[in-house]
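Asker: Starting from these lines, generate the structure:
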Amino acid sequence: MIAVINGPNLNLLGRREPEIYGHESLEDINNWLLNCVSRMGESGMIFVQSNSEGELVGAVQEVGFDPAVRGIVINPGAYAHYSVALRDAISAVPVPVIEVHLSNIHAREEFRHKSVTAGACAGMVCGLGKRGYLLAVEYLLASGGGVR
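Answerer: Modelled structure (predicted):
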């Protein structure tokens, strides 16, 4: 099972700055991803979204120590740029975590160029829209959930 955790403002996808983030809702992306993953033979996924830093830390801890979870895909949103607490939670869990951003954070405002959470992750995908989530899931499934 793969867990997908989404941070602040991602609940507004489809309505928030569609020229940057696209016109699909988070529910649309989750359903698309679930369909893609089921075609690959993976039966379960966990989806979490929160605007609260503490809830995201709790979600990483909860799913990261669940023996059924093979890996985590996380889009920390703006928390990527300053949340040491979220970075520490990612570092603490034994499963690999892949950071995903819909937009290319390196082509945006300078404050978005650095991710403090990415250094605790096995990898990062940015700028590929919803396909970034799928690439992260494919990596986690191919790695068997053992690469950190």
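Asker: burial count for Val73?
Answerer: By other Cβ atoms under 10 Å, the residues close to Val73 number 27. All C-beta spots, glycine's among them, are computed from the backbone N, C-alpha and C.
Asker: Paired strands for the host helix or strand of it, with orientation please.
Answerer: Per DSSP states H and E, Val73 falls inside strand 71-75. Take DSSP bridges as the rule and strand 71-75 pairs in its sheet with strand 2-6 (parallel), strand 97-101 (parallel).
Asker: can you put these in CSV and add mean pLDDT?
Answerer: CSV is the format used below for the strands paired with strand 71-75 (pLDDT from 0 to 100):
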stretch, mean pLDDT
strand 2-6, 97
strand 97-101, 96
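Asker: Would you reformat the ones you listed as a markdown table and include mean neighbour count and distance to Glu55?
Answerer: Formatted as a markdown table, the strands paired with strand 71-75 follow (neighbours: other Cβ atoms under 10 Å; distance: least, Cβ to Cβ, whole Å):
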| stretch | mean neighbour count | distance to Glu55 |
| --- | --- | --- |
| strand 2-6 | 25 | 10 |
| strand 97-101 | 26 | 17 |
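Asker: Identify whichever of the ones you listed lies nearest to Gly54.
Answerer: Each of those has some distance to Gly54 by Cβ to Cβ; the shortest is strand 2-6, at 13.2 Å.
Asker: The strands paired with strand 71-75: which one's closest to Ala120?
Answerer: Minimum separation from Ala120 across these (Cβ to Cβ) falls at strand 97-101, 7.1 Å.
Asker: Ser103 and Asp88: what is the separation?
Answerer: 25 Å (Cβ to Cβ, to the nearest Å).
Asker: Helix or strand next in line after the worst-scoring helix or strand of the chain on mean pLDDT, which one?
Answerer: Lowest mean confidence among the helices and strands of the chain (mean pLDDT, DSSP states H and E): helix 18-21, at a mean of 70. Downstream of helix 18-21, the first helix or strand assigned by DSSP H and E is helix 26-39.
Asker: now that next one, how far from the centre of its chain.
Answerer: 14 Å (Cα atoms, centre = their mean, to the nearest Å).
Asker: ditto for stretch 24-44
Answerer: Distance of stretch 24-44 from the chain centroid (Cα atoms, centre = their mean) equals 14 Å.
Asker: buried stuff in it?
Answerer: 24, 26, 29-30, 33, 36-37, 42 (16 or more other Cβ atoms under 10 Å).
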